[in-house]
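Engineer: Have a look; sequence and predicted model below, questions after that.
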There are 2 protein chains.
Amino acid sequence: MPKLDICFSPELLPLYDLRGQVAVIVDILRASSTIVTALGEGISHVFPVASLEECAAYGQQHGCLTAAERDGIPAAGFDLGNSPFGFLDAERPVRGRALTISTTNGTTALRRSLAAEAVVVGAFLNLGAVADFAKRQGRDVLVVCAGWKGQFCLEDMVFGGALAERLAGDFDVHSSDATLAALHLWRQGKADLSAYLLQSAHVRRLNSLEASQDFEFCIRLDAYPDVLPIWQEDRLINAKN
Amino acid sequence: MPKLDICFSPELLPLYDLRGQVAVIVDILRASSTIVTALGEGISHVFPVASLEECAAYGQQHGCLTAAERDGIPAAGFDLGNSPFGFLDAERPVRGRALTISTTNGTTALRRSLAAEAVVVGAFLNLGAVADFAKRQGRDVLVVCAGWKGQFCLEDMVFGGALAERLAGDFDVHSSDATLAALHLWRQGKADLSAYLLQSAHVRRLNSLEASQDFEFCIRLDAYPDVLPIWQEDRLINAKN
């Protein structure tokens, strides 16, 4: 039976052997939720990049939309920040466009996980799509939490617990303490996920109206059931297209 | 109000600035529990060392008892392993003797935390003594979980939650997601700590009769209320002596 494990910080990735595994990159607030939304709203593919310079360069080179954020705030000189609502604006349709995105934590987690057999992006918005993919692959899965500057984030861990619950019949979710703890927290919080995660330091850090709308948007389960961002060569595409 | 934070793995210590803080080193199974027991049973001081070679050398040089374990098993050629019961054997009294101890994870966590203003060793066995010390210091506290080869261990995190509960009135225990999660798990598990922690991968790894006795011994709250191992120069002494 394949195993589900959770890595709480990209800083701990050297302790894991990702070869042959499925890596699920999670940055609930907000990179992974935003990427799922972008592909769900018709973005053709996403180039995740580490630096603002790369982001600007990709934008010019590929003629794509640019999205960038630093410390939770949209970076100056780019088309979009890191809010999923940027892809829901009727006045700026995004269907068919490519996107390059640079974020503080999510991109780093993704780039450090490329040794895995398959790299997908997970969020509450596409939880079911990620679970189905994991079941079909039948390989060990490592949930890679982006965290906040290397430190533990409650919402990413709780996502790991939600995924563990969905995989429980088909995967070993009890041989890792990290997965056990995440399952406990998910079961404690799932009846009112919003209230539960509002305790989080990271959530409280997003203390604007926009951020609060983003938060409520990002915790809806399976809002984009047909989006599975998967890494292919140099970009994320929707494996379900 | 000082803050309580929890570092889940010694590998993450570079993300924290320990200067001016109190570091509480935790390796419930079993290094920190064993050190508390040793000092509680009259060991005069403890030299924690990283390697088996150092352990043997300290033993010769200081004429002290030697204790060593690798991968949960007593290492050959030393007086004791890493079981607290080694200090409770009426046929080998330990009162007044010095001890040198080398363990897989706990020693590493301690040695990497020496930048802190004060370094103490925490266990369920001396939870109250650690909480009292933290309150008197009034400094930020970082619980440093030894983990298992750098990875997350449920019992160390749950200890962090237990300490957070004791400090809740005097410390900020809500601005760190790690502390919040630990508090949740502690509150979930404390009514039957033994059953709760028996789910843990690490606990199940200790699947012998001796290990099971050790486990039940190590989860007793405040069994050694008068033991506070504190780092002084090159050794741990009992600050309460």
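Structural biologist: Ah, there it is. Numbers count the residues shown, from 1 in each chain, chains lettered A, B, ... in the order given.

Engineer: how much space between the most centrally placed residue in chain A and chain B?
Structural biologist: In chain A, the residue lying closest to the centroid (Cα atoms, centre = their mean) is residue A:32, at 2.5 Å. The gap separating residue A:32 from chain B is 17 Å, by Cβ to the nearest Cβ, to the nearest Å. C-beta here means a position set from N, CA and C on the backbone, and glycine is covered the same way.

Engineer: so that residue sits right up against residue A:124, yeah?
Structural biologist: No: contact criterion Cβ atoms under 8 Å: residue A:32 and residue A:124 do not qualify, at 9.4 Å.

Engineer: so the residue lying farthest from the centre of chain A is in which element?
Structural biologist: If you look at how far each residue of chain A sits from its centre, by Cα atoms, centre = their mean, the farthest one is residue A:91, at 26.0 Å. Assigned by DSSP states H and E, residue A:91 falls within no helix or strand.

Engineer: phi, psi of it?
Structural biologist: phi -80, psi -10 (degrees, to the nearest 10).

Engineer: per-residue confidence for it?
Structural biologist: On pLDDT, residue A:91 comes in at 90.

Engineer: Then residue A:54?
Structural biologist: With respect to pLDDT, residue A:54 has a value of 93.

Engineer: what does chain A have sitting close to chain B?
Structural biologist: By Cβ under 8 Å from any Cβ of the partner chain, the part of chain A that sits against chain B consists of A:8-9, A:11-12, A:14-15, A:148-154, A:157, A:174-178, A:180-181, A:184-185, A:188, A:199-202.

Engineer: Can you say which of these are buried?
Structural biologist: The neighbour count (16 or more other Cβ atoms under 10 Å in any protein chain shown) marks A:8-9, A:11-12, A:148, A:150-154, A:157, A:174, A:176-178, A:180-181, A:184-185, A:188, A:199-202 as buried among these.

Engineer: ranges for the strands of chain A?
Structural biologist: Secondary structure of chain A by DSSP state E: the strands cover A:4-7, A:22-26, A:46-49, A:65-70, A:73-74, A:99-102, A:118-122, A:141-145, A:229-232, A:235-238.

Engineer: Including distance to residue B:47, could the ones you listed go into CSV?
Structural biologist: Listed next are the strands of chain A as CSV, based on distance: least, Cβ to Cβ, whole Å:
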stretch, distance to residue B:47
strand A:4-7, 34
strand A:22-26, 42
strand A:46-49, 48
strand A:65-70, 46
strand A:73-74, 50
strand A:99-102, 49
strand A:118-122, 46
strand A:141-145, 37
strand A:229-232, 49
strand A:235-238, 52
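
Engineer: can I get those strands in JSON lines with mean neighbour count, mean pLDDT and distance to residue B:167?
Structural biologist: Output for the strands of chain A, formatted as JSON lines (neighbours: other Cβ atoms under 10 Å in any protein chain shown; pLDDT from 0 to 100; distance: least, Cβ to Cβ, whole Å):
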{"stretch": "strand A:4-7", "mean neighbour count": "27", "mean pLDDT": "98", "distance to residue B:167": "27"}
{"stretch": "strand A:22-26", "mean neighbour count": "28", "mean pLDDT": "98", "distance to residue B:167": "30"}
{"stretch": "strand A:46-49", "mean neighbour count": "24", "mean pLDDT": "94", "distance to residue B:167": "40"}
{"stretch": "strand A:65-70", "mean neighbour count": "23", "mean pLDDT": "90", "distance to residue B:167": "34"}
{"stretch": "strand A:73-74", "mean neighbour count": "15", "mean pLDDT": "82", "distance to residue B:167": "33"}
{"stretch": "strand A:99-102", "mean neighbour count": "27", "mean pLDDT": "94", "distance to residue B:167": "39"}
{"stretch": "strand A:118-122", "mean neighbour count": "25", "mean pLDDT": "98", "distance to residue B:167": "34"}
{"stretch": "strand A:141-145", "mean neighbour count": "28", "mean pLDDT": "98", "distance to residue B:167": "26"}
{"stretch": "strand A:229-232", "mean neighbour count": "21", "mean pLDDT": "98", "distance to residue B:167": "42"}
{"stretch": "strand A:235-238", "mean neighbour count": "21", "mean pLDDT": "97", "distance to residue B:167": "43"}
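
Engineer: and residue B:114, which of those is closest to it?
Structural biologist: strand A:4-7 (26.8 Å; Cβ to Cβ).

Engineer: what residues are up against the nearest residue to residue A:118 once chain neighbours are set aside?
Structural biologist: Using Cβ to Cβ, 6 or more residues apart in numbering or on different chains and skipping residues adjacent in sequence, the residue nearest residue A:118 is residue A:22, 4.8 Å away. The contact partners of residue A:22, by Cβ atoms under 8 Å, 6 or more residues apart in numbering or on different chains, come to A:116-120, A:133-134, A:137, A:139-142.
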